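1. predicted model, plus sequence, below.
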Amino acid sequence: MRTQAPAGSVSTTRAAPSASVAAPPPAADGSAGPPADGSGWEEVAAETGWTPADCLAHKLSFGKRADAKSKVDALVAHVKRLRSAGWHLHEARDAAAADAADAAERADAEAALRRSDRETSDLALREVQRELGSLAQAARAHETQQAQRQAEVERLQSELSDARSGLREAEEAARGAAAEGKLLREQVESLQGQARSLTDMQTQAQKYNAQLQQYNSKMQGELQAANEALARSQAEKAALTEECAALKGRLTALEEQLAGLAAVGSSAEALRASALEDASRLRGEVAGVAAQRDNAVAEAARLRGELEAARSEVDRFREATGKDVGALEAEKAARGALESRTQAQAELNSNLHEQVILLREQKELSESKLQKSAAEVKKLNAKVKRLEKELVEAERKVVEGEALRKKLHNTIQELKGNIRVFCRVRPPASGEAAEAAPGKPVVAFPAEGDMAGRGLELAQPGGRGGKDGEAHSFGFDKVFAPQASQGKVFEEISQLVQSALDGYKVCIFAYGQTGSGKTHTMMGSPEQPGMIPRAMDQIFATAKELEAQGWRYEMKAAMLEIYNEELRDLLGKGLLPAGKKHAIQHDDKGSTTVSYCEHVDVSTPEGVAALLERAMKARSVAATAMNEQSSRSHMVFMLAIEGANATTGQKARGLLNLIDLAGSERLSRSAVSGERLKETQAINKSLSALGDVIAALGNKEAHVPYRNSKLTFLLQSSLGGASSKTLMFVNVSPSAESAPESLCSLRFAAKVNACEIGTAKRQPTTARQ
Ligand SMILES: Nc1ncnc2c1ncn2[C@@H]1O[C@H](COP(=O)(O)OP(=O)(O)OP(=O)(O)O)[C@@H](O)[C@H]1O
């Protein structure tokens, strides 16, 4: 079936058998049936090569010399031919009538069948809606559950990170304590070494001291004995010297007495004899005294010798010790100093001992702290392990939840159908008339009932080809009234956008006449961003969220414009060689490439925004009679998404195509000529081809005419493929002036909406083999 381009309403009329076609006149022989002489039309046609029309148009003419018979013969032959033609037409009419009756019957039967199909599909639809409701409920419950799980994961993660930082702190404290302990141990060891060497030194000093004291006391004893012996010898010497002097005085006195006596004479002889006796006695006494004196001298000499010996002993001792008394004093002083040093050393020792004890205590404290920290670390390690286990479990649950979410999400999407049509009506521009008749808006929306939010009524203003205020009703998957914000509209397509991350090929088109709001819907403005920037924000945000579950995405963007059936790369930096054109190629795996087309790696919404800005600048904008800013080309934004999950080994390859189609106005309205005429024809051809492709897919035709336009050929793998999903926005202007165009747009969209293209199936691949 070929679908016509939207060019007004298409009415099909079934030809009823005409009752006014009369039977041919009776034959010359009066019979009412066809000629019995075998001159049926086939023979006449074989003979003359005429059609019945030729026969009816044939005029008889006779030559001037023709006789009556030949005229009669010619007349009879003509009448026969006319009769044959008459019967032939009669039979043809009967056959046509019979065919028409059959067709009517078949149509009735088909209508009955369709009615019953419709009822069945209504039932199925209700069932699906019920199922959808319960799935949506399940999805909501699941989303709540998942949010709880996510919160739990976040709580666990924060607990884990707390525990980790606690662990890190404890480890650091433990490391600090261990280092401190080590330092203290080293200090203790060095102090203990010092203490040991000091103790050794002290012991040696004490020993030496004791030896010195011993030697000192011995020397002092010896010195005292020598001093006493010396004093005794000196006293004896003094006594002897005194006795000697007394004896000398007596001797002198005696010698004086003797001399006196000698002088006194003979008588004195006796006296002399007695004196001699006395003298010899005295001499004996003197000899005794001399002997005594000699003894005393000998004794003195002996004592002197002893003294000398004692002195030499002292000298020897001095030599032996190198010390004299002064030295001994010095030694004593040194000993005192040594003692005080020993004392100080002992004090230092005891201080050190105290320090050692303190350090030991500190060491014990550090060790107990270390032990406590180790126990704490052990506990924290156990907690970390438990939390890690819980985290792994929670992450597993999240991954499972995500898989379930995807399944539910895509089931819902599949149930909703893989081609959907949303209608969006823009607000009237200032000064724009939006009433079909007084008090009757051109576009009205049913506020309640089945069609609320899904239906729209378009009223044609009078004098524009329709009856005054004649209304046409349409129903779509969703209808957005003028007040619907960009955010509200995006809410409805966000799940479809999400599918691209899940590995689907998604196409979102904006269709409508020039100025109906396509670019506003797709691109929007910085204040009111449209579907493309919002889709990018969502894709990047979701890709980031999915990183936690092991997904890593790579995205490449391309932007193309199709103008007059020629491709232009809006991001191209002059890659296209002169004289060459961009060529579209599809491979067996469903990948599409465009030669010399730039694909830019994107990783942030800001990066995409910069690309969009670059592309918009490059986009061809040509003025038409209707809108000076009217874009006369299709703009195709393509985002190729490749995702891989290192945890589960899954891979997903999605493609998001966002297309701002060129305006769909009719030739008569845009009043164009020349270059503009060519543009309009190209636009209409490609839009018509898009409708044809969707219709062929909907009718499951063996041949889908993708090649009829660059647009459909470019999007071939994303339209109607096993893993594709399509959404079409039909943008409508509310103006009275645009009402006929709006009707065309809505009829085209209604036709698209009637198509159901299979069931999209994602084709995730498993990478691990
Ligand atoms: N939903 C809306 N809300 C507010 N303003 C809108 C809306 N839709 C469209 N407009 C405004 O209407 C005007 C025409 O819209 P837009 O340029 O998007 O139309 P278009 O269909 O893309 O036209 P063209 O085919 O010429 O590109 C613009 O000024 C736009 O800002």
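-> Received the coordinates, thanks. These figures come from a predicted structure and were not determined experimentally.
2. residues of the stretch 451-600 of the chain that sit close to the ligand?
-> 512, 514, 515, 516, 517, 518, 519, 520 (C-beta under 6 Å from any ligand atom). Backbone N, C-alpha and C define where each C-beta goes, glycine included.
3. tell me which two of those sit farthest apart.
-> 514 and 520 (12.4 Å; C-beta to C-beta).
4. neighbour count winner among those two?
-> residue 514 (23 against 19; other C-beta atoms under 10 Å).
5. surely that one forms part of a strand?
-> No. Using DSSP: H, G, I helix; E, B strand; the rest coil, the secondary structure at residue 514 is coil, not a strand.
6. surely it touches residue 663?
-> Yes. Shown here, residue 514 and residue 663 form a contact pair, counting by C-beta atoms under 8 Å, at 3.0 Å.
7. which residue ranges form the strands in the stretch 601-750 of the chain?
-> Using DSSP state E, counting those that start in this stretch, the strands of the stretch 601-750 of the chain run over 634-645, 650-660, 724-732.
8. list the contacts of the closest residue to residue 510 other than its chain neighbours.
-> Nearest non-adjacent residue to residue 510, counting by C-beta to C-beta, 6 or more residues apart in numbering: residue 518, 3.8 Å away. Applying C-beta atoms under 8 Å, 6 or more residues apart in numbering, we find residue 518 in contact with 510, 511, 512, 660, 661, 663, 729, 731.
9. turn the residues you listed into TSV, columns for neighbour count, distance to residue 636 and pLDDT.
-> Output for the contacts of residue 518, formatted as TSV (neighbours: other C-beta atoms under 10 Å; distance: C-beta to C-beta, whole Å; pLDDT from 0 to 100):
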residue	neighbour count	distance to residue 636	pLDDT
510	28	11	95
511	26	13	94
512	32	17	93
660	26	8	93
661	25	9	93
663	27	16	86
729	30	15	95
731	28	17	96
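10. among these, which pair sits farthest apart?
-> Counting by C-beta to C-beta, the most remote pair of these is 663 and 729, 13.7 Å apart.
11. what touches both of those two?
-> Taking C-beta under 8 Å, 6+ apart as the criterion, residue 663 and residue 729 both touch 512, 518.
12. same question for the longest helix seen in the chain, mean pLDDT?
-> Assignment by DSSP state H gives helix 68-263 as the longest helix of the chain. For helix 68-263, mean pLDDT is 77.
13. list the helices and strands that helix packs on?
-> Applying 3 or more C-beta pairs under 8 Å, 6 or more residues apart in numbering; DSSP states H and E, one finds that helix 68-263 contacts helix 41-48, helix 52-57, helix 267-321, helix 325-416.
14. isn't there a strand covering residue 423?
-> Yes. Under three-state DSSP, residue 423 sits within a strand.
15. surely it touches residue 733?
-> No. Taking C-beta under 8 Å as the definition, residue 423 is not a contact partner of residue 733, at 11.9 Å.
16. so between those two, which is more surrounded?
-> The neighbour comparison of residue 423 against residue 733 (other C-beta under 10 Å) goes to residue 423, with 29 against 26.
17. separation between that one and the ligand?
-> The gap separating residue 423 from the ligand is 12 Å, by C-beta to the nearest ligand atom, to the nearest Å.
18. in the sheet, who's paired with that residue?
-> Per DSSP bridges, the residues bridged to residue 423 are residue 479, residue 730.
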